[in-house]
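Engineer: Predicted model, plus sequence, below.
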Amino acid sequence: MNIKLSYYLLIIFFLSSCESIDLPKPNAYLSLDFPEPNYSKIKFDNTNISLEVNSAKTSLFDNTSESNSELLLSKTLSYPLIKAEILLEYFKLNKSNNLNDRLKYLSDFTSIHLKKSLNPPTVQEFVDEKKKVFASIINIKGDITSPYQFYATDSTNNLIIGILNLKSNTKYDSVLPALNYLKNDIYHLIESLNWNVNN
């Protein structure tokens with residue numbers, strides 16, 4: 001038999017007898033079809049404050065505020081499909097209920113979740129001088145139940161604090177598509193905020 005032919009047959013034999021190599025699978029993310037956002041204007045009762053929230057597959061509830069006399073109104077926007085909710089709290093600012101104290105409370109809440117994250121938070125500022133809306137959105141990456149917290153204020157009279165709560169303990173990577181969807185709703189909520197609907 002020709003040596004070259006024997007050599008080629010030997011190579012084919014070895015190649016056909018080798019086991020297939022399993023390559024690691026790429027990271028997979030939870031695939032969900034989220035409803036197209038449908039934003040509706042809501043008003044905080046007994047105030048002139050309005051904002052727009054996503055009404056597609058969501059429910060909006062008023063919360064009682066008897067335990068906190070400084071809390072004028074609290075609402076919960078529930079996302080059953082995502083198993084999440086956004087808590088919105090409105091405060092009328094005054095000497096006994098000042099902006100610094102309220103923001104310190106939010107900072108303390110954020111610090112609790114930061115302890116469970118290996119990454120520093122991402123903070124995005126939003127300023128609308130014309131409407132006097134000054135806001136910050138805090139994003140904490142990690143396996144935590146509250147990856148987004150935010151506030152919006154006119155710096156003198158009004159403050160809204162928002163907290164996103166996830167209802168299930170899920171890995172950050174798997175809920176990332178849902179968080180991106182919720183992030184857009186948070187941004188729209190802040191951009192639509194108006195302290196006086198008569199203006």
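Structural biologist: Right, received. Where do you want to start?
Engineer: Let's verify residue 177: helix, strand, or coil?
Structural biologist: In terms of secondary structure, residue 177 is helix; the call rests on DSSP: H, G, I helix; E, B strand; the rest coil.
Engineer: The one 5 residues further on too?
Structural biologist: Going by three-state DSSP, the secondary structure assigned to residue 182 is helix.
Engineer: how near is it to residue 47?
Structural biologist: Counting by CB to CB, to the nearest Å, the gap between residue 182 and residue 47 amounts to 25 Å. Yep, even glycine has a C-beta here, placed from its N, CA and C like the rest.
Engineer: Look at the two and report which has more neighbours.
Structural biologist: For residue 182 and residue 47, the more surrounded residue by other CB atoms under 10 Å is residue 182, and the numbers stand at 23 against 15.
Engineer: how close does the more buried one sit to residue 158?
Structural biologist: Separation of residue 182 from residue 158 (CB to CB): 24 Å.
Engineer: and what of residue 167?
Structural biologist: With the distance defined as CB to CB, residue 167 ends up 29 Å from residue 158.
Engineer: what does residue 166 give?
Structural biologist: In terms of CB to CB, residue 166 sits 28 Å off from residue 158.
Engineer: Which of the residues in stretch 178-188 are classified as buried?
Structural biologist: Under the neighbour-count criterion of 16 or more other CB atoms under 10 Å, stretch 178-188 has 178, 179, 181, 182, 183, 185, 186, 188 buried.
Engineer: again with stretch 82-98
Structural biologist: Result for stretch 82-98 [16+ other CB under 10 Å]: buried residues 82, 84, 85, 86, 87, 88, 89, 90, 91, 93, 97.
Engineer: and stretch 86-94, how far out from the chain's middle?
Structural biologist: Here stretch 86-94 shows a centroid-to-chain-centroid distance of 18 Å under the convention CA atoms, centre = their mean, to the nearest Å.
Engineer: Now that stretch: average pLDDT?
Structural biologist: Stretch 86-94 shows a mean pLDDT of 91 in the predicted model.
Engineer: Kindly report the same for stretch 185-199.
Structural biologist: 88.
Engineer: Same list (the buried residues of stretch 178-188) but as TSV, adding distance to residue 129.
Structural biologist: Listed next are those as TSV, based on distance: CB to CB, whole Å:
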residue	distance to residue 129
178	33
179	29
181	29
182	27
183	24
185	24
186	21
188	19
